[in-house]
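Below: sequence and its predicted model.
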Amino acid sequence: MANFKGHALPGSCFLLLGLCWSVMYPLRHCWRRHQPKARQKLPLFFNRIDLIEGALMIFFAFVGIMAEQFVPDGPHAHLYNRETQSWVKLMNWQHSTMYLFFSIAGVVKVFTMSPLPVPLGLDRLALSLAFFIEGLLFYFHVHMRPPLDTHIHSMLFVPVFGGAAITLLEVFMRDNIVLELLRTSMTILQGSWFFQIGFVLYPLNGVQWDLQAHDNIMFITMCFCWHLAVALLIVGINYWMGWCCVQRCSGRGSDIEIMMRKTSSSKKALLEESDEE
């Protein structure tokens, strides 16, 4: 959709996905670090989160496809108009194609949580492919447009292709916390930048930007760096909060274990005394 809502929808999806990852991955990593090697198996809680993540990806992708196709000015599943001999709303079709590949990634994610013999790393490969397809579509999305419009869309190539490369590395380097957090930062950056594109091209206050001014291009580039800084800050804060949460829970667990040991030792001493009597 060539309006603010059309950019806010994918922005919201990527933001929610990135924020979910920024909480889940630090918790899982910190939990593993505080467990002995004999208890490295993840609890069922984390597997359920992975399953919910895949289901949410499918749901958001379905909502995105429906929104792109069946809005009042959408193509309504018509790709080509034979009467006018022209394509119908190709921009909406490009966005629908992007959502399609993320829905495939969600389906693969759900399958990896099932008893089916799905190869390890296939979910990361499907997600990497979805990011790559998104970047490929946007590369041919902005030709013959004003300079600022082209520039602000081309800035998406950094988190999109970066996310595709990072996720592809995760196929071979599973559960690498650095790669996971970097992918999370790129996803949050994508989400916030979609909102920024909407605010610039379709301002809510009605004041239009000069799409030809070079100063605006310089400001947008600087603004992109600020978005990246905020994304890294969010990931860092959530990592620290996850570490504190695991520390507190592990501290309580150790206290309970000490109390149980003391209780069992006292019971054993009482039994020994009773035997002697």
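Looks like it arrived, so ask away. Residues are numbered from 1 along each chain as shown.

Could you pull up the contacting residues of residue 232?
Residues in contact with residue 232 (CB atoms under 8 Å, 6 or more residues apart in numbering) are residue 185. Heads up, the C-betas are built off the backbone N, CA and C, glycines and all.

is it true that it lies in a helix?
Yes: assessed with DSSP: H, G, I helix; E, B strand; the rest coil, residue 232 lies in a helix.

Can you give me the pLDDT of it?
Per-residue confidence (pLDDT) for residue 232: 96.

How about residue 139?
At residue 139, pLDDT is 87.

same question, residue 271
46.

What of residue 74?
With respect to pLDDT, residue 74 has a value of 84.

Wait, it touches residue 66, no?
No: with contact defined as CB atoms under 8 Å, residue 74 does not count as touching residue 66 (9.4 Å).

More neighbours: those two, which one.
Ranked by neighbour count (other CB atoms under 10 Å), residue 74 and residue 66 place residue 74 first, with 18 against 13.

now the more buried one, what's its secondary structure?
Residue 74 - assigned by three-state DSSP - is coil.

low-scoring stretches of the chain, by residue?
1, 36-46, 250-277 (pLDDT under 70).

Strands of that one, start to end?
In the chain, the strands defined using DSSP state E lie at 80-81, 86-87.

Helices along this structure, start to end?
4-33, 44-70, 90-112, 122-139, 147-154, 157-172, 177-201, 214-276 (DSSP state H).

Dump those helices to JSON lines, plus distance to residue 81.
Output for the helices of the chain, formatted as JSON lines (distance: least, CB to CB, whole Å):
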{"stretch": "helix 4-33", "distance to residue 81": "21"}
{"stretch": "helix 44-70", "distance to residue 81": "15"}
{"stretch": "helix 90-112", "distance to residue 81": "12"}
{"stretch": "helix 122-139", "distance to residue 81": "21"}
{"stretch": "helix 147-154", "distance to residue 81": "26"}
{"stretch": "helix 157-172", "distance to residue 81": "31"}
{"stretch": "helix 177-201", "distance to residue 81": "26"}
{"stretch": "helix 214-276", "distance to residue 81": "35"}
